[in-house]
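Asker: after the sequence you'll find the predicted model.
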Amino acid sequence: MKKKLLFAAMLAILPGMASADPLSQMRADASALQQMSATWAQIESTSQSYAALAPYAAQEWAGQGPTVVGPFGGIEQCHNTHWDQVTSGLIPGGLNIFGDAEVEAYSMQAITVDFQAQLANYMVQQVQAGNSVVTNQLSQQNGPLMQSMNTLDGLLTTVGNQVSGATGPSTALHQLPIQHWQAGVGNVPNLAAVQYIVGPDDGAPIGWAVPPSSPLARLVDICPTGTGSIPMLPTAAPVLSAAQQAVTDEPALASQLQPIEGGSTYTLPGGGMLGSTDYSVRMSLVSALASDMQPLAGYMQPISAPLALYQKQVQQIMNEVQ
């Protein structure tokens, strides 16, 4: 999703963008920017902590599952309850981080450009109404705000393209070992709160690594069991809200954001009973996602300070006009 030319064009026509009620649109943009500032920080923090996913790439967490020797002979092949209960759920959460960051970056561009345009329209209205005091105050603040927007816009173009490229076929990051996947908007896992609780060894096998000689072996279930939980951080709703405001400001974005708004998906090869899943793919997929999160956080980090400054300047202007 390359938006550099689109936003360059928007900046070029900014002074001519008309609005019947610029103040109302300024309020909507300011509210969206305030929410995006908080959400951006949350996504960045989550991408940093997501590197802790690396241990989940181990055989224990993403591999085929344990084998146990039965009391009547034979070796049982057990479910990997770590995968069933925890690890598989972390993968779409990781893809959601990429989707959230990409949509936030492009939405933020549209909203910052629109706020600047609506401010210009509002100042024209005030001049026409003879409100010179308000106009003079806003003129003094508009220069620094425009400078901040230009800085932020350049960074966001870079970040948006970096994140989009990172999820594309020519990624500079680790190529995911699967063909069918899509990064999209969604909630992200709170890794600090992920839990796995080991249960009793009374689970049924999924097959036999070594068949038993005694029929009694099939009457005894001794596979490990366990339960897990993955609390999610609610990032999807604010990201989608920002996208809606961005599309309101710049309708051309609708076709670009729509494919990402449906959430992340992925498909592993195989997936049936014993022997039909390439378990090494599961382990390498978890490992690749964990490895890519630090670069993603590095893409996002330069935005934080300029965004905070722009948000502060927008709030100062809204205090003036309200």
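Answerer: Arrived safely.

Asker: any weak-confidence spans in this structure?
Answerer: Applying pLDDT under 70 to the chain flags residues 1-19, 168-170, 172, 271-277.

Asker: mind naming the longest strand for it?
Answerer: If you go by DSSP state E, the chain has its longest strand at strand 205-210.

Asker: for the residue positioned nearest the centre of the chain, pull up the helix or strand it's in.
Answerer: The chain has residue 97 as the residue nearest its centroid, 2.3 Å off, counting by C-alpha atoms, centre = their mean. Assessed by DSSP states H and E, residue 97 sits inside helix 88-128.

Asker: now do that helix: which elements does it pack against?
Answerer: For helix 88-128, the packing partners by 3 or more C-beta pairs under 8 Å, 6 or more residues apart in numbering; DSSP states H and E come out as helix 4-13, helix 22-49, helix 132-166, strand 188-189, helix 236-249, helix 254-257, strand 265-267, helix 279-321. Backbone N, C-alpha and C define where each C-beta goes, glycine included.

Asker: which one in this structure is furthest away from the centre?
Answerer: Outermost residue of the chain (C-alpha atoms, centre = their mean): residue 214, 52.0 Å.

Asker: I figured that one hits residue 71, correct?
Answerer: No: Residue 214 is beyond contact range of residue 71, at 9.4 Å (criterion: C-beta atoms under 8 Å).

Asker: comparing the helices and strands packed on helix 88-128, which comes out most buried?
Answerer: Neighbour counts (mean count of other C-beta atoms under 10 Å) averaged over each of the helices and strands packed on helix 88-128 peak at strand 188-189, with a mean of 26.

Asker: can you list the strands that it pairs with?
Answerer: Strand 188-189 pairs in its sheet with strand 232-233 (antiparallel), by DSSP bridges.

Asker: which residues touch the strand it pairs with?
Answerer: When contacts are defined by C-beta atoms under 8 Å, 6 or more residues apart in numbering, strand 232-233 is touched by residues 42, 46, 93, 187-190.

Asker: now swap in stretch 76-86 and tell me
Answerer: Stretch 76-86 has contacts (C-beta under 8 Å, 6+ apart) with 56, 60-70, 194, 196, 199, 203, 205-209, 222-230, 274, 282.

Asker: one step back: any residues in contact with both of residue 214 and residue 71?
Answerer: Common neighbours of residue 214 and residue 71, counting by C-beta under 8 Å, 6+ apart, are absent.

Asker: what's the closest non-adjacent residue to residue 202?
Answerer: Nearest residue to residue 202 in three dimensions, chain neighbours excluded: residue 221, at 5.3 Å (C-beta to C-beta, 6 or more residues apart in numbering).

Asker: what about that neighbour, which helix or strand?
Answerer: For residue 221, there is no helix or strand it lies in under DSSP H and E.

Asker: contact partners for the nearest residue to residue 257 once chain neighbours are set aside?
Answerer: Distances taken as C-beta to C-beta, 6+ apart put residue 243 closest to residue 257, at 5.1 Å, once the chain neighbours are dropped. Counting by C-beta under 8 Å, 6+ apart, residue 243 makes contact with 103, 107, 185, 253, 257, 261.

Asker: please redo it, this time with the cut-off set to 7 Å
Answerer: For residue 243, the contacting residues are 103, 107, 257, 261, by C-beta atoms under 7 Å, 6 or more residues apart in numbering.

Asker: and what of residue 212?
Answerer: 70, 72-74.
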